[in-house]
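Colleague: next input, structure requested:
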Amino acid sequence: MSLVALLRAAHLGPTVAVTTVTALLAVAADLAAPDVAQVTLAVLAGQLVIGWSNDLIDADRDAQVARPDKPLATGAVTLGAVRTALGLAAAAAVVLSAVLGWRAGLLHLGAVVGAGLAYNLGVKATVWSWLPYAVAFGSLPAVVSLAGTPPQAPPVWLPVAGATLGVAAHFLNTLPDLGDDAATGVRGLPHRLGARVSQLLATLLLLVASVAAVLGPDGSPPLWAWAVLALTVGLAATALLGRGKVPFRAALAIAVVDVTLLAVMG
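Modeller: Numbers count the residues shown, from 1 in each chain. Alright, predicted model coming up:
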C-alpha cells in the first residue's frame, strides 16, 4: 500500500479543489492569517471524510465494474487502511470545526460534511442527487465568513453562485461514470436525464454562476469582469454547439473561470 493510493481513495482532485477554493475565499474575505489556516484545514479534513467514506461505501460496486481509478477496487489500498484514515479525518474534522466557533463549525459539519455523507449514503441514487451539492457548495462561503473575527454572513449572491456551481459540478463529475453507475443500480438525476441533457444543464448553470459572480457584488463590475463574463458566454456557446469532447472541455473551462470569479469577487 502507498500513501498515493490512500490519497487517491479520498478523491484527491476534488478534495484539493474544494480546499483551495476555501483558502481563496478566506483570503478574499480578508480573514486573519490564523483564521484562513483554521478554516482551510477544517474543510480539508471534512473533504477527506467525504472522499474516503465514498470509496468505502462503494467498494463492492467499484470492484463489480473493475474501476481502474479506485484503489480499493484494484487492491492498491486495504479496507483497514481507509477505515483508519477515515476515523482520523473524522476526528480532525470535528476538532478543527469546533475551533472555528459554533456557527461556522456547525454549518461546516452539518451542511458541508453532512451533505457529502448523505450523498454517499444513498441520495446519489435518487432524483435528488443534485441537492447535497447545492447545500454543500452554497454553504461553503458562509462557513468561511462565519469563521472570521467577528463572524459575518456572506452577501446573498455568493451562496447562490456557490450552490449553482455545485449543482453544475455534480452533473460534470457524473458524466464520465454514467455507464458504470447504471450497471450497479445508481440512477441520480444526471442518469435519468442522460448525458447530453446533463451537459447542457451543467453549461447553463455555470453561466448563471458567472453572471451571479459578476453582477452580484455591490457597485458596477470592473471592466475586466465584463471581459471574463464575455469569455464565459463564448465558452458556453462552444459547449452548447460543439461536438465530441469539445463541449465537456468548454464546460470545465467555465467551471475554472467561475471558481476564480468567486474567489476574486467574493
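Colleague: residue ranges of each domain in the protein, please.
Modeller: Residue ranges for the domains of the chain, per automatic domain parsing: 1-151, 155-266.
Colleague: tabulate these (TSV), appending mean neighbour count.
Modeller: Backbone N, C-alpha and C define where each C-beta goes, glycine included. Conversion of the domains of the chain to TSV gives the following (neighbours: other C-beta atoms under 10 Å):
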stretch	mean neighbour count
domain 1-151	19
domain 155-266	18
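Colleague: which of those domains has the lowest mean pLDDT?
Modeller: Set side by side, those give their lowest mean pLDDT on domain 155-266, at a mean of 87.
Colleague: how far does that one sit from the chain's center?
Modeller: Counting by C-alpha atoms, centre = their mean, to the nearest Å, domain 155-266 is centred 12 Å from the centre of its parent chain.
Colleague: got the end-to-end distance for stretch 97-115?
Modeller: Start-to-end span of stretch 97-115 (C-alpha to C-alpha, to the nearest Å) is 15 Å.
Colleague: state the distance from I50 to V112.
Modeller: As for I50, its distance to V112 is 9 Å (criterion: C-beta to C-beta, to the nearest Å).
Colleague: for this structure, what's the longest helix?
Modeller: Identified as the longest helix of the chain according to DSSP state H is helix 33-57.
Colleague: report all helices and strands that it contacts.
Modeller: helix 12-28, helix 71-74, helix 79-99, helix 114-120, helix 131-146 (3 or more C-beta pairs under 8 Å, 6 or more residues apart in numbering; DSSP states H and E).
Colleague: residues touching L175, list them.
Modeller: P190, A195, S198, Q199, A202, F248 (C-beta atoms under 8 Å, 6 or more residues apart in numbering).
Colleague: taking the residues you listed one by one, which sit in helices?
Modeller: Per DSSP H, the contacts of L175 map to helices at P190, A195, S198, Q199, A202, F248.
Colleague: looks like the fourth one contacts F248 (just checking).
Modeller: Yes - with contacts defined as C-beta atoms under 8 Å, Q199 counts as touching F248 at a distance of 6.5 Å.
Colleague: joint contacts of the two?
Modeller: L172, L175, A239.
Colleague: coming back round to it: got the helices and strands packed on helix 33-57 as CSV, with distance to V264 columns?
Modeller: As requested, these are exported to CSV (distance: least, C-beta to C-beta, whole Å):
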stretch, distance to V264
helix 12-28, 6
helix 71-74, 35
helix 79-99, 26
helix 114-120, 25
helix 131-146, 13
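Colleague: G162 is nearest to which of those?
Modeller: helix 131-146 (4.5 Å; C-beta to C-beta).
Colleague: same for the closest one, what does it pack against?
Modeller: helix 12-28, helix 33-57, helix 102-107, helix 114-120, helix 157-174.
Colleague: got these as a markdown table, with distance to V208 columns?
Modeller: Output for the helices and strands packed on helix 131-146, formatted as a markdown table (distance: least, C-beta to C-beta, whole Å):
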| stretch | distance to V208 |
| --- | --- |
| helix 12-28 | 18 |
| helix 33-57 | 24 |
| helix 102-107 | 24 |
| helix 114-120 | 20 |
| helix 157-174 | 5 |
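Colleague: between these, which gets nearest to A92?
Modeller: Across those (criterion: C-beta to C-beta), the nearest stretch is helix 33-57, sitting at 4.2 Å.
Colleague: what's the angle from that closest one to helix 79-99?
Modeller: 150 degrees (axes from the mean of the first three to the mean of the last three C-alpha atoms, to 10 degrees).
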